[in-house]
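In: Structural data only, the sequence is not supplied:
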């Protein structure tokens, strides 16, 4: 395990590298124990039943292994990267839709990720995660619903009985705080 | 490929919903294409994906079955490494996510004439919303389409103008049911737009435009 990653508190970056470079099963098991139960919770909140969520979680985690060489720690935290894989897999499994993705800016062979860029990005992610957990309860719940409930703002309004304007302004306030933490 | 800067941006609400994966496929295609043309949207999208990661990290958990890790390792042993497949920049007018749906750039579009020199091509997406390419000769009014839902219009070539200003390549206009506007393709190159709506398509080649406007269909 790379000492640098421990010191700079880059959670899971070293495990991703170990999977990529050495097909390290112990590193994979550690990632699995942490993320698989979260991915399964996400899929169930998005509407999958237990069996489909279990199966899809295993698919997501297997993808993490087969795509390990594409993970770029200067662009995303491991949690963010897994979130995007789980989201795309859930659109595919639950709605049978394709997921159009934006054009990539980078091209050519990937260079070795820069240590300092990695550190900056990972610190930003840590601040963001802390800021999310420190949001006022009412704001945090709405952000979670927007990501994990598979509901639009107006559907959240219908379900909670809150006026749409209140929901929008709470989400706006929450986003301001989260963005502040990232900068 | 040089880019002029985009002046009409996608809202946070829609970009967040794109990131969360809660929009219909047709809207996802318009937003993925817009993000490909706008550095601002790309930077904000990166923030929204990071928020998704933080929500996942902060999430409660649901236990997996006892043999889940074993089963996943077995799944992995049957698979090869994924080939590196990214959405690389393509030469041409259409950014790569759109080329993916069209099967090529603008010359691959199977246009259908709908009157007054205007042409359209409906792209295959899942139900819930529809998306089409529109070709509007310079100076021509865009087909009238009363809004019963949300409509997104992204400019890919040329420009159009309406009460909200001038929309050029990369600019996106989002209209909801309260909005009345009459976009006109600007002088210069003919205008090509990508437009998605979650209401049924409001016009077709069989009905004269006046009748469509009158009937609001």
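Out: Yep, it's here. Everything numeric here is computed off the predicted structure, so don't read it as measured data.

In: What is the longest helix of chain A by residue count?
Out: If each helix of chain A is counted by residues according to DSSP state H, the longest one is helix A:25-45.

In: Need the residues that contact the following helix or strand past that one.
Out: Sequence-wise, the next helix or strand downstream of helix A:25-45 (DSSP states H and E) is helix A:50-66. Contacting residues not belonging to helix A:50-66 are listed as A:19, A:28, A:31-32, A:35-36, A:39-40, A:43-44, A:48, A:82, A:85-86, A:89-90, A:93-94, B:62, B:64-65, B:68, B:71-72, B:75-76, B:79-82 [C-beta atoms under 8 Å, 6 or more residues apart in numbering or on different chains]. For the C-beta atoms, the positions are set from N, CA and C on the backbone; glycine is no exception.

In: what is the orientation angle of the longest helix of chain A with helix A:50-66?
Out: Counting by axes from the mean of the first three to the mean of the last three C-alpha atoms, to 10 degrees, helix A:25-45 lies at 140 degrees to helix A:50-66.

In: how far away is the single nearest residue of chain A relative to chain B from residue B:167?
Out: Closest approach of chain A to chain B (C-beta to the nearest C-beta) occurs at residue A:80, with a separation of 2.9 Å. In this view, residue A:80 and residue B:167 are 32 Å apart by C-beta to C-beta, to the nearest Å.

In: for residue B:198, same thing?
Out: 20 Å.

In: Settle it for me: which of these two has more neighbours?
Out: Neighbours were counted for residue B:198 and for residue B:167 using other C-beta atoms under 10 Å in any protein chain shown; residue B:167 has more, 24 against 16.

In: ok and the residue in chain B nearest chain A?
Out: Closest point on chain B to chain A, by C-beta to the nearest C-beta, is residue B:53, at 2.9 Å.

In: so who does that residue touch?
Out: A:76, A:77, A:79, A:80, A:81, A:82, A:83, A:125, A:128, A:129.

In: Which helix or which strand is home to it?
Out: Assigned by DSSP H and E, residue B:53 falls within helix B:39-58.

In: buried ones in that helix?
Out: Residues B:41, B:44-58 are the ones in helix B:39-58 that count as buried (16 or more other C-beta atoms under 10 Å in any protein chain shown).

In: Tell me the one among those nearest to residue B:102.
Out: Relative to residue B:102, the closest of the buried residues of helix B:39-58 is residue B:41; by C-beta to C-beta it sits at 20.9 Å.

In: Would you mind measuring from that closest one to residue B:34?
Out: Distance from residue B:41 to residue B:34, by C-beta to C-beta: 6 Å.

In: Mutual contacts of these two, please.
Out: With C-beta under 8 Å, 6+ apart, residue B:41 and residue B:34 have common neighbours B:6, B:10.

In: Residue A:34: what's it in contact with?
Out: Residues near residue A:34 by C-beta under 8 Å, 6+ apart: residue A:12.

In: just residue A:137 next, same as before
Out: Counting by C-beta under 8 Å, 6+ apart, residue A:137 has no contacts.

In: do stretch A:144-156 and chain B meet?
Out: Yes: contact of stretch A:144-156 with chain B (C-beta under 8 Å from any C-beta of the partner chain) involves A:144, A:146, A:147, A:148, A:150, A:151, A:152, A:153.

In: Hmm, which of these is lowest in pLDDT?
Out: Ranked by pLDDT, these bottom out at residue A:150, which scores 68.

In: How about the contacts made by residue B:195?
Out: B:30, B:131, B:132, B:133, B:134, B:151, B:152, B:153, B:154.

In: For it, list each beta-bridge partner.
Out: Judged by DSSP bridges, the bridge partners of residue B:195 are residue B:132, residue B:153.

In: Look up how far residue B:21 lies from it.
Out: As judged by C-beta to C-beta, residue B:195 and residue B:21 stand 22 Å apart.

In: Equivalent analysis for residue A:40, please.
Out: For residue A:40 relative to residue B:21 (C-beta to C-beta), the value is 16 Å.

In: quick one, helices of the chain?
Out: No chain was given, so I picked chain A. Counting by DSSP H, chain A has helices at residues A:3-7, A:13-22, A:25-45, A:50-66, A:78-95, A:115-133, A:137-148, A:153-160, A:164-182.

In: wait, chain B
Out: Remark: helices assigned in chain B by DSSP H are B:12-20, B:25-37, B:39-58, B:68-77, B:96-102, B:209-215.

In: Mind putting the ones you listed into JSON lines with mean pLDDT?
Out: Shown next, in JSON lines, are these (pLDDT from 0 to 100):
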{"stretch": "helix B:12-20", "mean pLDDT": "93"}
{"stretch": "helix B:25-37", "mean pLDDT": "96"}
{"stretch": "helix B:39-58", "mean pLDDT": "94"}
{"stretch": "helix B:68-77", "mean pLDDT": "96"}
{"stretch": "helix B:96-102", "mean pLDDT": "95"}
{"stretch": "helix B:209-215", "mean pLDDT": "45"}
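
In: I'd like those written out as a markdown table, with distance to residue B:123 added.
Out: Formatted as a markdown table, the helices of chain B follow (distance: least, C-beta to C-beta, whole Å):
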| stretch | distance to residue B:123 |
| --- | --- |
| helix B:12-20 | 17 |
| helix B:25-37 | 7 |
| helix B:39-58 | 21 |
| helix B:68-77 | 33 |
| helix B:96-102 | 5 |
| helix B:209-215 | 22 |
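
In: contacting residues around the residue nearest the centre of chain B?
Out: By C-alpha atoms, centre = their mean, chain B has its centre lying nearest to residue B:30, at 0.8 Å. Each residue near residue B:30 by C-beta under 8 Å, 6+ apart is listed here: B:131, B:152, B:154, B:172, B:194, B:195, B:196.
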